[in-house]
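Chemist: this one's structure only:
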């Protein structure tokens, strides 16, 4: 199991268990941040200096952990060399202060190559994104994760979203892999999550990874899953941090205010176009003065009218938390 009690000192399982505990403790004091990837104006190159500044802003704003080169960071459009540069910058800026968990994915062979690059850069762990294209049986999902986990010593968090769902028996099997430490959930099926949580080891980390996690944060917390990632932290950490603290401290009035005045209209705006879950977040960072550039294809930047509506929403929401655009 993942307790590490049978592992020799310094083993993969023992290190993974220690990291899981650290990540769990960090998530009690802040949200998990998924940094954006800045591109040049034509999208042909990354902007390392802009990424470094962005990561520093995320750290200074109190991020519990950094997850570079994941979905919000447009992992799916990065070359391996670009990936290495970006995760290396994140590790350098974090300097051990904040855990860095890099994305990896596609088929297991590609995921293992990215994992090797992440290891070379010095990251603390990996988030294994859903595999490419096909639906697969539970036995295949388990085998896929094992193929990646067996090729790295890094702790691995698996991500269920889109075509990937883990059954209770499959997740229990994965928990026996020494370096598989947790699950990020993007389906928001609370019945399924409750069933998973009740059969998993206490040390197995589970967190809310919905597109706009704050909308379901109270519901996840009600079944014992309090940790969550925040896309909003990527462009408006003042809002994300205020919401997190209000929820943690039981300030129901402020939670309701932010849900009603910001998160609900943001989600409705996000749902106007496929891909806005990333494109709007990146547009928000540009509106805050960050040198982000566009999203890369196959994503598309927000239409002018949607961007105007978003800017107005941000101005009013930032005013609620005492900040400005």
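Modeler: Yes, it's here. Just so you know, these numbers come straight off a predicted model, no measurement behind them.

Chemist: just the helices in the stretch 201-325 of the chain please.
Modeler: 217-222, 237-248, 252-258, 264-270, 276-287, 304-320 (DSSP state H, counting those that start in this stretch).

Chemist: what's the angle from the last one to helix 237-248?
Modeler: Taking axes from the mean of the first three to the mean of the last three C-alpha atoms, to 10 degrees, helix 304-320 and helix 237-248 form an angle of 60 degrees between their directions.

Chemist: Can you name every helix or strand that helix 304-320 contacts?
Modeler: Where contact means 3 or more C-beta pairs under 8 Å, 6 or more residues apart in numbering; DSSP states H and E, helix 304-320 is packed against helix 237-248, helix 252-258, helix 264-270, helix 276-287. For the C-beta atoms, the positions are set from N, CA and C on the backbone; glycine is no exception.

Chemist: buried stuff in the third one?
Modeler: Neighbour-count burial for helix 264-270, with 16 or more other C-beta atoms under 10 Å as criterion, is recorded at 265-267, 269-270.

Chemist: Mind putting these into CSV with distance to residue 214?
Modeler: Listed next are the buried residues of helix 264-270 as CSV, based on distance: C-beta to C-beta, whole Å:
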residue, distance to residue 214
265, 13
266, 9
267, 9
269, 15
270, 12
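
Chemist: quick one on the thing from earlier: to residue 69, which of the helices of the stretch 201-325 of the chain lies closest?
Modeler: Taking C-beta to C-beta, helix 276-287 is the member of the helices of the stretch 201-325 of the chain nearest to residue 69, at 12.8 Å.

Chemist: What average pLDDT does the closest one get?
Modeler: The predicted model gives helix 276-287 an average pLDDT of 98.

Chemist: Need the residues that contact it.
Modeler: Helix 276-287 is contacted by residues 36, 54, 71-72, 74, 211-212, 231-232, 234-236, 266, 269-270, 273, 292, 294-295, 299-302, 306-307, 310-311, 314, 325 when judged by C-beta atoms under 8 Å, 6 or more residues apart in numbering.

Chemist: Stretch 250-260 too?
Modeler: 214-215, 218, 239, 242-243, 245-247, 317, 320-321.

Chemist: one more time with 10 Å
Modeler: Here stretch 250-260 makes contact (C-beta atoms under 10 Å, 6 or more residues apart in numbering) with 214-215, 217-218, 232, 239-240, 242-249, 263-267, 317, 320-321.

Chemist: Endpoints of stretch 147-158, how far apart?
Modeler: End-to-end distance for stretch 147-158: 13 Å, by C-alpha to C-alpha, to the nearest Å.

Chemist: Model confidence for residue 10, exactly?
Modeler: pLDDT, read off for residue 10, is 78.

Chemist: Confirm that it sits in a strand.
Modeler: No. Secondary structure of residue 10 (DSSP: H, G, I helix; E, B strand; the rest coil): coil, not part of a strand.

Chemist: burial measure for it, as a count.
Modeler: 7 (other C-beta atoms under 10 Å).

Chemist: In space, what's closest to the most centrally placed residue in the chain - neighbours in sequence excluded?
Modeler: When C-alpha atoms, centre = their mean is applied to the chain, the residue found nearest the centroid is residue 34 (4.8 Å). When the adjacent residues along the chain are set aside, residue 34 lies closest to residue 72, with 4.0 Å between them (C-beta to C-beta, 6 or more residues apart in numbering).

Chemist: List the contacts of the one you found.
Modeler: Contacts of residue 72 by C-beta under 10 Å, 6+ apart are 33-37, 103, 211, 229-231, 233-234, 277-278, 281-282.

Chemist: Regarding it, what is its secondary structure?
Modeler: Going by three-state DSSP: residue 72 is coil.

Chemist: Quick check: it vs residue 292, distance?
Modeler: Using C-beta to C-beta, to the nearest Å, we find residue 72 at a distance of 12 Å from residue 292.

Chemist: do the same with residue 51
Modeler: 9 Å.

Chemist: What count of nearby residues applies to residue 121?
Modeler: 20.

Chemist: State whether it and residue 94 are indeed in contact, as I suppose.
Modeler: No. Counting by C-beta atoms under 10 Å, residue 121 does not reach residue 94; the two are 11.1 Å apart.

Chemist: shared neighbours of the two, anything?
Modeler: Joint contacts of residue 121 and residue 94 (C-beta under 10 Å, 6+ apart) are 68, 100.

Chemist: What is the burial count for the residue nearest to residue 164 when sequence neighbours are not counted?
Modeler: Residue nearest to residue 164 in three dimensions, not counting chain neighbours: residue 130, with 4.3 Å by C-beta to C-beta, 6+ apart. Neighbours of residue 130 under the rule other C-beta under 10 Å: 19.

Chemist: from now on call the first residue 4
Modeler: Renumbered: residue one is now 4, and that last one reads residue 133.

Chemist: residues touching residue 116, list them.
Modeler: Residue 116 is in contact with 83, 86, 107, 109, 154, counting by C-beta under 10 Å, 6+ apart.

Chemist: who's in contact with the residue nearest to the fourth one when sequence neighbours are not counted?
Modeler: Leaving aside its sequence neighbours, residue 109 sits nearest to residue 135 (C-beta to C-beta, 6+ apart; 4.9 Å). Contacts for residue 135 were tallied using C-beta under 10 Å, 6+ apart; they are 79, 108-110, 113-114, 166.
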